[in-house]
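Asker: Here's a sequence, model it:
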Amino acid sequence: MFDGNKNKLTKKIAKVQFVLHDLSLYLDTHPRDAQAMRHYEFYHNKLSELNLEYERLYGAPKAFREGAWTWVDGPWPWEREANAD
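Answerer: The predicted structure is shown next:
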C-alpha cells in the first residue's frame with residue numbers, strides 16, 4: 001500500500017540530510033563562517049523535528065526494527081548464486 005504522506009516526509013528528511021551533509025563539508029573548510037553555522041544548526045534542529053514526526057507517525061525507521069537486517073541472509077554480489085541468470 002502506497003502512503004503518499006510517508007513518502008513526502010521521507011523525501012523531506014532526505015533533503016534536509018543532504019543540506020546538512022553539504023554544510024558539513026563547507027564548514028570543514030570554513031569553520032569560522034557564522035552564517036553557515038547558523039544554517040547548520042537550523043537544519044540540524046529541523047532534521048530532529050522531522051525524525052520525531054516520522055517516528056510518531058510510522059514508528060522507528062526500518063533499520064532499527066526487528067528483522068531489518070535480513071539482507072545479510074541472501075547471497076553476496078560476488079557469490080555465484082547472486083549472479084545466476
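
Asker: tell me which element residue 38 is part of?
Answerer: When elements are assigned from DSSP states H and E, residue 38 belongs to helix 34-58.

Asker: From the contact counts, what lies against that helix?
Answerer: helix 4-29 (3 or more Cβ pairs under 8 Å, 6 or more residues apart in numbering; DSSP states H and E). From N, CA and C alone the C-beta is placed, and that goes for glycine too.

Asker: Please report the distance of the residue nearest the centre of the chain from residue 7.
Answerer: Nearest residue to the geometric centre of the chain (Cα atoms, centre = their mean): residue 14, 5.3 Å. As judged by Cβ to Cβ, to the nearest Å, residue 14 and residue 7 stand 11 Å apart.

Asker: for residue 22, same thing?
Answerer: 23 Å.

Asker: Same check on residue 36?
Answerer: Residue 36 sits 30 Å away from residue 7, going by Cβ to Cβ.

Asker: Neighbour count: these two, which is higher?
Answerer: Taking neighbours as other Cβ atoms under 10 Å, residue 36 and residue 7 compare with residue 36 leading, 15 against 10.

Asker: Just to check, the more buried one is in contact with residue 26?
Answerer: Yes. Between residue 36 and residue 26 there is a contact under Cβ atoms under 8 Å: 5.8 Å.

Asker: Low-confidence ranges, this protein, go.
Answerer: For the chain, the stretches flagged by pLDDT under 70 are 1-2, 62-71, 84-85.

Asker: Could you rerun that using 90?
Answerer: Under the criterion pLDDT under 90, the flagged ranges of the chain are 1-4, 6-7, 58-85.

Asker: count of neighbours near residue 47?
Answerer: Other residues close to residue 47 by other Cβ under 10 Å number 17.

Asker: measure residue 15 to residue 72 for me?
Answerer: Distance from residue 15 to residue 72, by Cβ to Cβ: 29 Å.

Asker: Look at those two and report which has more neighbours.
Answerer: Using other Cβ under 10 Å as the criterion, residue 15 and residue 72 rank with residue 15 on top: 14 against 6.

Asker: what about the more buried one, distance to residue 81?
Answerer: Counting by Cβ to Cβ, the gap from residue 15 to residue 81 is 37 Å.

Asker: One more: residue 12?
Answerer: Distance of residue 12 to residue 81, computed by Cβ to Cβ: 38 Å.
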